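Peer 1: no sequence for this one, just the structure:
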């Protein structure tokens, strides 16, 4: 196969929050979601890519870090939305597996076509972001429909692909007990969830919105308290959902 180019935002050589162990994280450019709390709005538009790189070159760079992957680390493809560039994602994952590199993808689950399904064959772990279980709130938060993400989650369950569910706890929006109960029921219905991560909302990306001339709608929203996070965790535990 010839060169398969990806439009990229950035790299992180020793990530610790994007899957197990130390991870080489590749951030793709381009995302169809417009999450109100997005901390990387500079990844939204494909033409704004910082780099255009060949998958072969990237894997050669990742391979330099293989000694650091001994305790379960590897490469995570994040974004943006990685599957917006499904052919590139598939080739990058394929080459990583050829080079005995563990693979993970951080995705919203909005895309599920044949190329994405082929790419998933080379993925060891999916980090699936479910922003909210209520369709109307989800669309208000992200400007896209919820159903593709639920369909993606069910597909991963059907093929027994290991998954970590990620959920951002936003005070006054996603921290309602009824929403957490409903999300817990959905996650408990899946057969492949290794763990769930509750990510407390933060506004660390707000300055990027201002620099780009966007209005940050969640201005003034404070991070959830430790008590609120623990309460949410307990709701999921009672549903039998494994919590990190």
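Peer 2: Now that the structure is in, tell me what you want to look at. This structure is a prediction, so every number in the text was calculated from the model and none was measured. Residues are numbered from 1 along each chain as shown.
Peer 1: and the helix or strand containing residue 179, what does it pack onto?
Peer 2: Using DSSP states H and E, residue 179 falls within helix 177-188. For helix 177-188, the elements it packs on are helix 226-238, judged by 3 or more C-beta pairs under 8 Å, 6 or more residues apart in numbering; DSSP states H and E. No exception for glycine: its C-beta is placed from N, CA and C like everyone else's.
Peer 1: centroid residue for the chain?
Peer 2: residue 106 (2.9 Å; C-alpha atoms, centre = their mean).
Peer 1: beta partners of that one?
Peer 2: residue 127 (DSSP bridges).
Peer 1: please enumerate the strands of the protein.
Peer 2: Ranges of strands in the chain, per DSSP state E, are 5-15, 23-28, 51-54, 74-78, 103-107, 125-129, 163-169, 193-200.
Peer 1: quick one: contacts of the longest one?
Peer 2: So the one you mean is strand 5-15. Here strand 5-15 makes contact (C-beta atoms under 8 Å, 6 or more residues apart in numbering) with 18, 22-30, 40, 42-43, 46, 49-55, 58, 61, 65, 68, 76, 79-80, 85, 88-89, 92.
Peer 1: how about the second one?
Peer 2: Strand 23-28 is contacted from outside by 6-16, 18, 40, 43, 58, 61-62, 65, 73-82, 84-85, 88-89, 92, 104, using C-beta under 8 Å, 6+ apart.
Peer 1: just the shortest one next, same as before
Peer 2: Residues lying outside strand 51-54 but in contact with it, judged by C-beta under 8 Å, 6+ apart, are 3, 4, 5, 6, 7, 8, 9.
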